[in-house]
Every structure is written in structure tokens, then in C-alpha cells.
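K.L.:
dropping the sequence and predicted coords here.
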Amino acid sequence: MKVEVSLFGAFRGHEPGDRVALTLPEGARVAELREALTQHAQVHWPAAGSALLKYSAFASQSDVLREADALPADGQMAVLPPVSGG
Amino acid sequence: MKVEVSLFGAFRGHEPGDRVALTLPEGARVAELREALTQHAQVHWPAAGSALLKYSAFASQSDVLREADALPADGQMAVLPPVSGG
Amino acid sequence: MSFHDCVVVDIANGRLDPTAAFDFVSDPGFGGFAMFVGRVRDLNHGRVVTGVSYDMFDALALNGFRRIVDAAYEEFGPGIRIHVGHAKGRLGVGDLAMVVAVGTPHRDEAFRVCRQVVEAVKHTSPIWKQEHYADGDSQWSEGCSLCESHGSAG
Amino acid sequence: MSFHDCVVVDIANGRLDPTAAFDFVSDPGFGGFAMFVGRVRDLNHGRVVTGVSYDMFDALALNGFRRIVDAAYEEFGPGIRIHVGHAKGRLGVGDLAMVVAVGTPHRDEAFRVCRQVVEAVKHTSPIWKQEHYADGDSQWSEGCSLCESHGSAG
């Protein structure tokens, strides 16, 4: 499946359009997306950005997902670095 | 000494002008004022007002005073029923 | 000099102003602002309330407000701002009875100072509330005795 | 239906409005109103701050705000009102970043709900703060990882 990951906060600027397109096996879970994005980041992102992924969560358009959750059918995901609102 | 006691809250209306004038020995303390006002209240005030005196504090123009404090030289005092602001 | 502002507003002459209170406690160095507003509500202990009269010993109340804010400066340091305002006179439902606003560098202090000041004003200020009911009756609210907090009473 | 109001305001289009928030949470049955306002301050960890950019995942943030207020209704009952607002975009010193206003029958609930909502918004909302400094440098603030609060991370 095609997965498009939106980048926020400190991840912004790491990719043109603040998005990464990845291809994952059909029915992939968040853990697999994390692994794939980590491999991508190790090649294409600065070291700090890659390290920050460990502390980052993944979300669909409506929910923060857990590692074992399946990715949504529309493949639209976001990676969320630690939050600092307010 | 002449002492004038201002009445607030539930004590209002118990005396014309919301004040009681009492005469106390020179150098009298709050405890003596409480005793004198209680005697006055038992004669002139409704029973509820008299009972409320037990839970009421006494103050000068600037401070809440304790039982052992001397009355201020100007004789201006206030009796404060339990407070309920805010 | 500490930045505080303690006011008593007679409803016959004006209103408490939360916006002005907020402006007063503002400072470019502050990130956290907490405000409490107390208003007259239409129901108390199941009785329909049409208004509340606040009686106040003004001079003593203002002295007390200043002591309350001084205690907060003592505990939280001088680099904060506090506004305390209370209304007096006959208020209608929805009218503002009390406004406390606090500005501090960080939010935790703002919340704590605001709560502390509100509780102290309610428990120690020489202010008395008389509720007026729809049936024409009026009643002075039960309250906090000032005897205990200031030493032994007879 | 519960009375709440969750908004995200892009600083390019408008400002958070504490007065409107206060009005929204008003009700004749309420006696206690608590409000928190977060603003950009001019100094953080000893560095002179000239502004803050807030990045936000809007749809997810608004979903989260609604869950936070729903949790408050669950705990404190439906008879309260809550407003949650957060700004996004590039804010200057003194600009309002966040407003939480709560109206309740009694003051204790108002304080507790307000604090609880503020902490939840800060710790769980997909919002990121980038500070801009007088020396021209900028830095994303360290924050709360959402992994822990939502289960195990890799």
C-alpha cells in the first residue's frame, strides 16, 4: 500500500512539501511504518531528526494510533514529534 | 471609655443607624466589649442576633482584634458576623 | 513596590471589569494568566434567587485584600501581578461579585496564586451576602467565623 | 448536547478572544468562572524571545480538544460549559497562544476543570512550538512524547 506521511514541528523542512511517500505491505501496522520511516530518515534526514523519531507518535487524520494498529485504508498518516502547545 | 460599635451583615437593622454606643472601663479589652454587647443584645436584639454574637469577631478600623487586645483609643469598633463574600 | 490592585466597586457607581483586570496583570515577561470571576446565580439550595446584596466593611476589606496579595508575594516572589476586585450593593443575577486575576511567568504559579487568593478573600474578608428570593424573602448567608482564624473567641 | 466550543485560530486571520470565551461559558445558573490564558513571553531559559511559531495538526487537535472536554463532562457532569481555543502561526510577544474558559455552578469545579483541560491540551494536543530568538536563531521546544500516553512505542 501507498502511505503518505505528513511532517509536523521539528520534522518540517526535512522533505519537500513536508510529506514522505512510502510503500508498505498491504495491511501494514504502525510498527512497520515506524521501521520504514526510520530507515528512510537514516538516509535522508539529519541525525537529530532521525533520533527524534524514537519519541514520535503516529496518527491517522482522526486518532493517535498504537504500534499494533493497522494503518488506515486511505494511507494518510502523520508523524508527531513530542508536543509543546499552550 | 465611649465605644461605638458598627453593625454589618445580619446585625444591620438591629439598631438605628446600625451602631451601638456602649460605655466600658478605660483600657477595656475585646473580651469586655463582647460581654457588654452580649448583655445589650439579650435585652434589645432578636434571639437569633444575640446567638450570632458568639460566632462574631471584633475589629478596629484596620484590623480584626483578638479577645485579649485592648480597644483602640478612638473607641471605633465593628462587630463582624461570619463572612460570606465572593 | 509590588504590582497589585485591590478595588471595591459599589454597583451603584460601576461594575467589575475582567478585561481591565486582565490588562492590569499583563507583562511581556508573563506566559501564564489565571482569572476567577464569581457571579450571582439564579438558584441556591433549591431556591430561586433574584439578587444578592453584598454588605462590606470597606476599609477593613481593602486592608485584608492587601494582606492576602502580600502573602502571595511572600510565597511566590515579587515578580507576579495580582488584581482583586469585589462588588458591593444590590446585584442582580449574572452580575459580577468578584474578580481575581493573576499574571505570572509560568502557568502553575498563576493557577495556584489565583486559587489561594480567591479562597482567602472568601474566607477572611469582612463581606456579607444577603440573598433575595423570588418569593420575596431575603436571608443572610451562613459564613466563615473570623474568630477562629484570628485567635480564641469567648 | 454538551456546551463546549473548541477553536483553532490562525493568527493570520484573527485572534483568540478571552471576552468572547467568557461570554460563551456564561449561564444564569453558574456562580464560578475560571479562565486560563497563555501568552508568548519575552524570555525563555534566559534567551530573549521575539516570537513563537505554533505548528498544528488541526483536525487531530480539534478531535483531541473535544475528547478532553468530553472527559471533563464525564467527570463533572453535563451542567458545565467549556471553551478551548489555541492559536497557530507566528505569534509575537504578548500574543495569546491559548484560552481555556470554564463556567460551573460552583467555584471549586471551575478551578479543577480549567486546570485539567489546560494540562490535557498542553500534554496531548498535536501542537508544536518553535521559539524565535533575538540573535536570529530558532528552536523547536522539547515536549511531551505522545507515545507513552497512547501505548508502547518501538
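P.N.:
Received it, and whenever you're ready, just let me know what you need.

K.L.:
what segments of the chain are helices?
P.N.:
Just so you know, I chose chain A. Counting by DSSP state H, one finds helices in chain A at the ranges A:30-44, A:47-52.

K.L.:
think we crossed wires, I meant chain C
P.N.:
C:18-24, C:58-76, C:107-124, C:146-149.

K.L.:
what mean pLDDT does the shortest one have?
P.N.:
Looking at helix C:146-149 alone, the average pLDDT works out to 72.

K.L.:
what pLDDT does C:Asp108 get?
P.N.:
97.

K.L.:
do the one 10 residues further on as well
P.N.:
On pLDDT, C:Val118 comes in at 98.

K.L.:
before we move on, what about A:Ala51?
P.N.:
A:Ala51 is assigned 89 on the pLDDT scale.

K.L.:
next up, the contacts around it.
P.N.:
Under the criterion of C-beta atoms under 8 Å, 6 or more residues apart in numbering or on different chains, A:Ala51 has no neighbours. From N, CA and C alone the C-beta is placed, and that goes for glycine too.

K.L.:
please redo it, this time with the cut-off set to 10 Å
P.N.:
A:41-42, A:45 (C-beta atoms under 10 Å, 6 or more residues apart in numbering or on different chains).

K.L.:
among the helices of chain A, which is the most enclosed?
P.N.:
Ranked by mean neighbour count, those are led by helix A:30-44 with a mean of 17 (mean count of other C-beta atoms under 10 Å in any protein chain shown).

K.L.:
residue of chain C closest to chain A, please.
P.N.:
At 7.5 Å from chain A, C:Arg107 is the closest residue in chain C, using C-beta to the nearest C-beta.

K.L.:
contacting residues for that residue?
P.N.:
Contacts for C:Arg107 (C-beta under 10 Å, 6+ apart) come out as A:86, C:30-34, D:36-38, D:98, D:115, D:118-119, D:122.

K.L.:
do the same with C:Gly143
P.N.:
B:9-10, B:55, B:80-85, C:122-123, C:127-129.

K.L.:
just C:Leu96 next, same as before
P.N.:
Residues in contact with C:Leu96, defined by C-beta under 10 Å, 6+ apart, are C:9, C:11, C:15-18, C:37-40, C:85-87, D:33.

K.L.:
for the residue nearest the centre of chain C, which non-adjacent residue is spatially closest?
P.N.:
Taking C-alpha atoms, centre = their mean, the centroid of chain C lies closest to C:Met98, which sits 4.2 Å from it. Nearest residue to C:Met98 in three dimensions, chain neighbours excluded: C:Gly38, at 3.9 Å (C-beta to C-beta, 6 or more residues apart in numbering or on different chains).

K.L.:
model confidence for the one you found, exactly?
P.N.:
For C:Gly38, the model assigns a pLDDT of 98.

K.L.:
quick revisit: quick check, pLDDT for the residue nearest to the centre of chain C.
P.N.:
Model confidence at C:Met98, given as pLDDT, is 98.

K.L.:
any idea what it is bridged to?
P.N.:
C:Gly38, C:His86 (DSSP bridges).

K.L.:
with A:Val64 instead?
P.N.:
A:Ala59.

K.L.:
check contacts around C:Ser138.
P.N.:
Contacts of C:Ser138 by C-beta under 10 Å, 6+ apart are C:50-53, C:130-132.

K.L.:
ok, C:Val100 - how many residues close by?
P.N.:
Applying other C-beta atoms under 10 Å in any protein chain shown, we find 31 residues neighbouring C:Val100.

K.L.:
what does the one 4 residues further on give?
P.N.:
C:Thr104 is surrounded by 27 other residues when neighbours are defined as other C-beta under 10 Å.

K.L.:
ok, C:Gln130 next?
P.N.:
By other C-beta under 10 Å, the residues close to C:Gln130 number 18.

K.L.:
just checking, C:Asp27 touches C:Ile82?
P.N.:
No: the pair C:Asp27 / C:Ile82 is not scored as a contact, 11.9 Å apart, by C-beta atoms under 10 Å.

K.L.:
comparing the two, which residue is more hemmed in?
P.N.:
Counted by other C-beta under 10 Å, C:Asp27 and C:Ile82 do not tie: C:Ile82 has more neighbours, with 27 against 19.

K.L.:
burial check on the closest residue to chain B within chain A, number of neighbours?
P.N.:
Relative to chain B, the nearest point of chain A is A:Gly86 (28.3 Å; C-beta to the nearest C-beta). By the criterion of other C-beta under 10 Å, A:Gly86 has 21 neighbours.

K.L.:
verify the stated contact: C:Asn44 with D:Gly31.
P.N.:
Yes: the pair C:Asn44 / D:Gly31 is scored as a contact, 8.3 Å apart, by C-beta under 10 Å.

K.L.:
picking up where we left off before, got a pLDDT number for the closest residue to the residue of chain A closest to chain B other than its chain neighbours?
P.N.:
What sits nearest to A:Gly86 in space, not counting adjacent residues and going by C-beta to C-beta, 6+ apart, is D:Lys122, at 3.8 Å. If you check D:Lys122, the pLDDT there is 97.

K.L.:
could you count how many residues lie near D:Lys122?
P.N.:
D:Lys122 - counted by other C-beta under 10 Å - has 19 other residues nearby.

K.L.:
that one and chain B, how far apart?
P.N.:
With the distance defined as C-beta to the nearest C-beta, to the nearest Å, D:Lys122 ends up 29 Å from chain B.

K.L.:
report the contact partners of that residue.
P.N.:
A:83-86, C:107, D:38, D:86, D:98, D:143-144 are the contacts of D:Lys122 under C-beta under 10 Å, 6+ apart.

K.L.:
repeat for C:Arg15
P.N.:
So C:Arg15 contacts C:9, C:85, C:87, C:91, C:95-96, C:99 (C-beta under 10 Å, 6+ apart).

K.L.:
closest to C:Asp70 among those residues?
P.N.:
Lowest distance from C:Asp70 to the contacts of C:Arg15 (C-beta to C-beta) belongs to C:Gly85, with 16.9 Å.

K.L.:
how many neighbours does the closest one have?
P.N.:
25.

K.L.:
surely it touches B:Gly86?
P.N.:
No: counting by C-beta under 10 Å, B:Gly86 is not a contact partner of C:Gly85; they are 11.3 Å apart.

K.L.:
re the thing from before, among the contacts of D:Lys122, which one lies nearest to B:Leu71?
P.N.:
Using C-beta to C-beta, the contacts of D:Lys122 come closest to B:Leu71 at C:Arg107, 46.3 Å.

K.L.:
look up how far chain B lies from that closest one.
P.N.:
23 Å.

K.L.:
give me the phi and psi angles of C:Phe57.
P.N.:
Main-chain torsions, C:Phe57, degrees, to the nearest 10: phi -90, psi 90.

K.L.:
quick check, it in contact with B:Arg12.
P.N.:
No: using C-beta under 10 Å, C:Phe57 is not in contact with B:Arg12, being 11.5 Å away.
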